[in-house]
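Chemist: Below are the sequence and a predicted model for it; my questions follow.
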Amino acid sequence: MKKLILLGLLLGVFVFNACKDDDEITHETEYHIQFMEPANNASLAVGDMLNVHVEFSEHNDGTVHHINVRAYNKATGTELFSSPAEAHVHGASPYSFQFQQSLAGVATGTYVIEAKVWGLNAGVAEVTASREFTVN
């Protein structure tokens, strides 16, 4: 009889541990940014078309919630563009952002393209990456 009670207790422990809710398993959001275009330190001329292509990914196959890509003059801080208009994209990973900007009438100099991705709330798992290009 003692053996049956002991066996029942052991089976109960195994069943109790095996039936835990899988929703308790969570992972940290891990964003990554990869510039596809323009090449780092690209040289463009006034009047050229700036092609921007950035890939945003979440390494744990999560959602890309918010993004922003902006370009500004490194010396003056003058913003060339900031896009998209609505940062909340709520897209599957990887999320591809493509944008074109005419450089007609743009001042010559060094510019910075800054890409940012973050979670559901501002600052959550925020990652920023940048690269430079020149306009001659």
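Modeler: Everything's here; your move. Being a predicted model, the structure only gives us computed values, none of them experimental.

Chemist: Report the contact partners of the nearest residue to Ala92 once chain neighbours are set aside.
Modeler: Nearest in space to Ala92, with sequence neighbours left out and distances taken as CB to CB, 6 or more residues apart in numbering, is Thr63 at 6.9 Å. Bear in mind the C-beta positions are built from the backbone N, C-alpha and C, glycine included. By CB atoms under 8 Å, 6 or more residues apart in numbering, the contact set of Thr63 is His90, Gly91, Ala92, Ser93.

Chemist: please redo it, this time with the cut-off set to 7 Å
Modeler: Going by CB atoms under 7 Å, 6 or more residues apart in numbering, Thr63 touches His90, Ala92, Ser93.

Chemist: where does the chain have low pLDDT?
Modeler: Applying pLDDT under 70 to the chain flags the ranges 1-27.

Chemist: just the helices in it please.
Modeler: Taking DSSP state H as the test, the helices found in the chain are 2-18.

Chemist: What ranges does it have for its strands?
Modeler: Applying DSSP state E to the chain gives strands spanning 31-37, 42-44, 49-58, 63-73, 79-83, 88-92, 95-102, 109-118, 127-135.

Chemist: still on that earlier bit, out of the contacts of Thr63, flag the one nearest to Ala122.
Modeler: His90 (14.8 Å; CB to CB).

Chemist: ok, how many other residues are close to the closest one?
Modeler: 10 (other CB atoms under 10 Å).

Chemist: check contacts around it.
Modeler: Here His90 is in contact with Thr63, His65 (CB under 7 Å, 6+ apart).

Chemist: can you do 10 Å?
Modeler: Counting by CB atoms under 10 Å, 6 or more residues apart in numbering, His90 touches Thr63, Val64, His65, His66, Leu120.

Chemist: again with Ser96
Modeler: Ser96 touches Met36, His53, Val54, Glu55, Phe56, Ser57, Val64, counting by CB under 10 Å, 6+ apart.

Chemist: Save the residues you listed as a markdown table, and put in distance to Gln98 too.
Modeler: Output for the contacts of Ser96, formatted as a markdown table (distance: CB to CB, whole Å):
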| residue | distance to Gln98 |
| --- | --- |
| Met36 | 9 |
| His53 | 5 |
| Val54 | 8 |
| Glu55 | 10 |
| Phe56 | 12 |
| Ser57 | 15 |
| Val64 | 14 |
